[in-house]
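**Q** build me a structure from this.
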Amino acid sequence: MALQQMTVQEIVQIGLIPSFEAANSDGNFFSNNGKTFLVVKNGGASPVTVTVDSKIKCDQGFDHDLPVDVPASEERWIGPFEVGRFTGSVEATYSDVTSVTVAAFKI
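**A** Model prediction:
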């Protein structure tokens, strides 16, 4: 398998009925405008770590990926993602995908 593309849902004034999908075992990616968020819902009994891949190295030459822990039965809103650091596409992988659903939103 490979990273699976997600559709970014736009939050609008009249409201949005969010749609979530199962997290892909190889990870997900979505387009990024600098005002995009990733929402991860962990419906399982164990914590999950989401790792967002930073594409650009810092001025010290290091690539600082963004790890986010999502406790059991909780959710996390992650972002927004700076275009300079994460570019126009955000890639996220998960330590486990059992009972994990995800969605991407932009404002």
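**Q** for the residue nearest the centre of the chain, list each beta-bridge partner.
**A** Centroid-nearest residue in the chain: residue 38, 3.7 Å away (criterion: CA atoms, centre = their mean). On the basis of DSSP bridges, residue 38 is bridged to residue 78, residue 104.
**Q** what number of residues lie near the closest residue to residue 20 other than its chain neighbours?
**A** Excluding the flanking residues, the one nearest residue 20 by CB to CB, 6 or more residues apart in numbering is residue 101, at 4.0 Å. Just so you know, the C-beta spots here come from the backbone N, C-alpha and C atoms, and that holds for glycine as well. Applying other CB atoms under 10 Å, we find 16 residues neighbouring residue 101.
**Q** list of residues touching the helix or strand residue 101 falls within?
**A** Residue 101 is located in strand 100-106, with elements delineated by DSSP states H and E. Residues outside strand 100-106 that contact it (CB atoms under 8 Å, 6 or more residues apart in numbering) are 6-11, 16, 18-23, 28, 30, 33, 35-44, 48, 70, 90, 92, 94.
**Q** now with 7 Å, please.
**A** Identification of contacts with strand 100-106 by CB atoms under 7 Å, 6 or more residues apart in numbering yields 6, 8-11, 18-23, 28, 30, 33, 35-42, 44, 48, 94.
**Q** great, nothing more from me.
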